[in-house]
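S.K.: Following is a predicted model, sequence given first.
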Amino acid sequence: MSEPRTMGLGRQKIVHLEMRGITKIFPGVVANDRVDFDVHEGEVHALLGENGAGKSTLMKILYGLYEPNEGEIRINGQPVRIKSPKEAIALGIGMIHQHFMLVDTLTVAENIALGLPSSRGFVTDLDRVSKRTLELAERYGLHVDPGAYIWQLSVGQRQRVEILKALYRGADLFILDEPTAVLTPQEVDEFMGTMRQMTRERHSIIFITHKLHEVIATCDRVTVLRNGRRIDSRPVAGCTKLDLARLMVGHDIVLPKITSAPQRGEMRLELQDVHALSERGSPALRGVSLQVQAGEIVGIAGVSGNGQSELAEVITGLRKVTRGKILVNGQDTTGKLPGELLQIGMAYIPEERMRDGIISDFTVSENIILRNHNQTPYARHGFLLHRIIREVADRLIRMFDIRTPSPTTPAGNLSGGNIQKVVLVRELSRAPKVLIAAQPTRGVDIGAIEFIHKNLLEQRAAGAAILLISEDLDEILSLSDRVAVMYEGQIMAVLENKDAERGLVGLLMAGVRPE
Amino acid sequence: METTPLFSLAVVTGILTAGIRLASPYLFAAIGEMFSQRSGVLNLGVEGQMLMGAFTAFYVTLRTGNPWLGLLAAMLVGVLMGLAMAVVSITWRAVQGISGIGFYIVGMGLSELLFKALLGEVKVINTGFNAIHIPLLANLPVLGEIFFRQNIMTYMAFALVPLAWFVLYKTTLGLKIRAVGENPHAADTLGVNVAQIRYLTVTMGGVLSAIGGAALSIANLNVFQENMTAGMGFIAVALVYFGGWKPFGVLFGALLFSMVMALQIFLQVYRFPIPSEFLIMMPYILTIVVLVLTVGRVRSPSALTRPFVRE
Ligand SMILES: Nc1ncnc2c1ncn2[C@@H]1O[C@H](COP(=O)(O)OP(=O)(O)OP(=O)(O)O)[C@@H](O)[C@H]1O
Ligand SMILES: [Mg+2]
């Protein structure tokens, strides 16, 4: 089998890459402060840190997207200057970004061929690209159809395309920025397999994640950043999850659990035999009936793609109900608009917070008040009251520990996890009657998870009816008074917390109903 | 009143022949605009570029007697105008809709000024591109007249369509153009120079618009008048939307529009009992109707009008 094509002719394989004393300053923040970092051939090196610690920034410097203010990069002992992604690629560095970098309207093969010289000069050689892509896919277990359009692919498949793009360019060193944040547990398992195959082929991997068990399971070494500084680098062997969490946030982390029985109040949310279609027009919800009372958390467990996203969307008025009824506070809200639902006390933490949660050109404080912008205390007679907005935003930013240079920074400039927090703040600070939380802790650091979990429990104690949709079974089991398991658009069972035993829930998630 | 049967074969042939010829300026300009928009830049200065192209081509042809020199000069002016638009919209990241309108006004004013200074009055040339009869094919009944006795620029305009299709869908450049207009950040991370690609398409758009103007002044009409394009550049922009940002879609739109235009002219000539004002409006009304009907059918390039900044 042929080797993947390398662009830098005759370049050396990356045996050891070193970043020394890297400093990067953005207006108002020191994102990296004299950071040292290195990675060896065949090594998986985890990069850990809270949201906004500077992980993505450090890696973007390595990939030539940012220029550091200070510091140097050495490959195999030789200093190099990486001024653009093109140069990084030529040196054998590939990056899979936190937010996918794919062109939706192009095919897989076209995305892979983009920017590469063709064997036919001006004319594209997509047939060859497809063939070679299939070879690489075979070798690394990254199955995907080269002729498919990106928009047709699932998140997991898109990620495979991202990895194939880098493999195709002959990368030795792979930067993976939170690759598992968007994957289902099954996809994560496959992904780990791919990572193992990559190290077997002597590739090096820098792996950013907030899931500590993944670090323990796959990494050789770990470097921890905090506030832009390197706290420690050490071998993973011998570390526990608790050790890592402590390194990251500087104190012990204990995730809260429900301990008391719920103080159930009136019926707040009721679904009666709800049907709905998916984006592609196939049935996504097939007769869902569900009830959530004030003061309880109902968790929706299930492998993603079994109708959970659609469930959140029908409840919040973003998707049409084709049959059945939805009642909020006893009032029929089927077919109501999102704005009307907002008025009667519904809050929604969307799954795709990047896309649906913020307006990236708006400032952090504008994003925080977005939902209530035309109400007191933020506005009077149609005018925004900036002083009050500023005060409220300041308070919430401090309370939720959002790392932003100032409340007037455009939200799009924040780190991935801090963008998530902006959405969370906005929805949670409204003291909602009904709260729909879809994957609320995806992509946020362990400290933030603790905070969010505590907050959900506070809302519960305050009498909110909460529907928690999550793929993280631990999260579901530790927070839900009742657990509903979804499979293929239906609720397989609703279990009381004490009966929701892990093995049983797992079986139900796979569509097996035990006798 | 004695009238010839309105839709005799000869009349229909005449309308179709004229329709084909009328389509050529639109095709040049709209294909150019399509490339520009595909890469993410909305150029509303097409009209101004056409006028400058029309004037330059006419003036040089008038002075030298050689339409090829006229065409070349128009292309050079197109390069300059395209580059100017590129600097403003790509390097300076100006709001594209507004700067485009600015270039339209500049092009119109400048061509008017030059016309007054250098020509002073409407002149006619007889050294423009004449009809070329394609051997054998030109003798085919009906089809020969419609398709194979056109001027060279009309042939070029139609040849441009498959060529544009090939460039857009079959070349590495085309792939980059499509990527840059859809997700410039993704293209950037793969080492594609976003600004460079956009400079190229916007400049090429300027050249093609200028050629479109030349098609009018030294091939179809052989005169130059102030503001002779009368909105053709804006129609060309509309045709890009209409054609769904696809070369053959643009061709279809341009043909539909120019055929209605030709029909309208014939109806006027034959003194069809409809007010001529209404007849003149016909193609434009049609454009609006079709645009409204086709809206939402295809998605525009996602990065259209968005300047690129690496975050
Ligand atoms: N383009 C930018 N402009 C201004 N500030 C930025 C920019 N990119 C990042 N920052 C700031 O730099 C800091 C580090 O951000 P970075 O994205 O590296 O964090 P991270 O460790 O990747 O966090 P997360 O886990 O949330 O993804 C943050 O405070 C962020 O607000
Ligand atoms: Mg990050």
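M.R.: Received, thanks. Ligands and ions are numbered 1, 2, ... in the order given.
S.K.: quick one: A:L507 from A:L468, how far?
M.R.: Computed as CB to CB, to the nearest Å, the A:L507 to A:L468 distance reads 21 Å. All C-beta spots, glycine's among them, are computed from the backbone N, C-alpha and C.
S.K.: ok, which residues in the stretch 51-200 of chain A are in contact with ligand 1?
M.R.: A:51-57, A:98 (CB under 6 Å from any ligand atom).
S.K.: show me where pLDDT drops low in the stretch 251-400 of chain A?
M.R.: A:372-385 (pLDDT under 70).
S.K.: Identify the spatial nearest neighbour of whatever residue of it ends up closest to chain B, chain neighbours not counted.
M.R.: The nearest approach of the stretch 251-400 of chain A to chain B comes at A:S360, 9.5 Å away (CB to the nearest CB). With sequence-adjacent residues excluded and distances taken as CB to CB, 6 or more residues apart in numbering or on different chains, A:S360 is closest to A:G412, at 2.9 Å.
S.K.: and that neighbour, what pLDDT?
M.R.: Listed pLDDT for A:G412 reads 85.
S.K.: gap between the residue lying closest to A:E41 once chain neighbours are set aside and A:I75?
M.R.: Leaving aside its chain neighbours, A:E41 sits nearest to A:V15 (4.8 Å; criterion: CB to CB, 6+ apart). Relative to A:I75, A:V15 is positioned 8 Å away (CB to CB).
S.K.: out of the two, which sits in the busier spot?
M.R.: Neighbour totals were compared for A:V15 and A:I75, and A:I75 leads with 21 against 14 (other CB atoms under 10 Å in any protein chain shown).
S.K.: re earlier: looking at A:L507 and A:L468 now, which is surrounded by more residues?
M.R.: Each of A:L507 and A:L468 has its neighbours counted (other CB under 10 Å); A:L468 has more, 25 against 16.
S.K.: Now do the more buried one against A:A312, distance only.
M.R.: From A:L468 across to A:A312, the span is 10 Å (CB to CB).
S.K.: cool, B:L221 as well?
M.R.: According to CB to CB, B:L221 stands 62 Å off from A:A312.
S.K.: more neighbours, the two?
M.R.: A:A312 (22 against 17).
S.K.: Need the three-state assignment for A:R442.
M.R.: coil (DSSP: H, G, I helix; E, B strand; the rest coil).
S.K.: dump the residue contacts of the nearest residue to A:G250 once chain neighbours are set aside.
M.R.: Leaving out its chain neighbours, the residue that sits closest to A:G250 by CB to CB, 6+ apart is A:R226, at 6.7 Å. Counting by CB atoms under 8 Å, 6 or more residues apart in numbering or on different chains, A:R226 touches A:49-50, A:53, A:248-250.
S.K.: could you say which helix or strand contains residue 83?
M.R.: Here I'm looking at chain A. Assessed by DSSP states H and E, A:K83 sits outside every helix and strand.
S.K.: you looked at the wrong chain, it should be chain B
M.R.: Using DSSP H and E, B:L83 sits within helix B:67-86.
S.K.: which element follows that helix toward the C-terminus?
M.R.: The helix or strand immediately downstream of helix B:67-86 is helix B:96-114, counting by DSSP H and E.
S.K.: Summarise which helices and strands that next one is packed against.
M.R.: Secondary-structure packing of helix B:96-114 (3 or more CB pairs under 8 Å, 6 or more residues apart in numbering or on different chains; DSSP states H and E): helix B:46-64, helix B:67-86.
S.K.: Go through the longest one and flag the buried ones.
M.R.: For helix B:67-86, a neighbour-count test (16 or more other CB atoms under 10 Å in any protein chain shown) marks B:67, B:70-71, B:73-75, B:77-78, B:81-82, B:84-86 as buried.
S.K.: could I get that helix in CSV with only the CA atoms?
M.R.: Taking C-alpha atoms only, helix B:67-86 is exported to CSV below (Å, rounded to 0.1, in the frame of the first residue of the first chain):
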residue,chain,number,x,y,z
PRO,B,67,-12.2,46.0,-32.5
TRP,B,68,-9.7,43.5,-31.0
LEU,B,69,-7.7,46.4,-29.6
GLY,B,70,-10.9,47.9,-28.4
LEU,B,71,-11.8,44.6,-26.6
LEU,B,72,-8.3,44.4,-25.1
ALA,B,73,-8.4,48.0,-23.8
ALA,B,74,-11.8,47.3,-22.2
MET,B,75,-10.4,44.2,-20.5
LEU,B,76,-7.6,46.3,-19.0
VAL,B,77,-10.1,48.8,-17.7
GLY,B,78,-12.0,45.9,-16.3
VAL,B,79,-8.9,44.7,-14.5
LEU,B,80,-8.4,48.1,-12.9
MET,B,81,-12.0,48.5,-11.9
GLY,B,82,-12.1,44.9,-10.5
LEU,B,83,-8.9,45.5,-8.6
ALA,B,84,-10.3,48.7,-7.1
MET,B,85,-13.4,46.9,-5.9
ALA,B,86,-11.2,44.1,-4.5
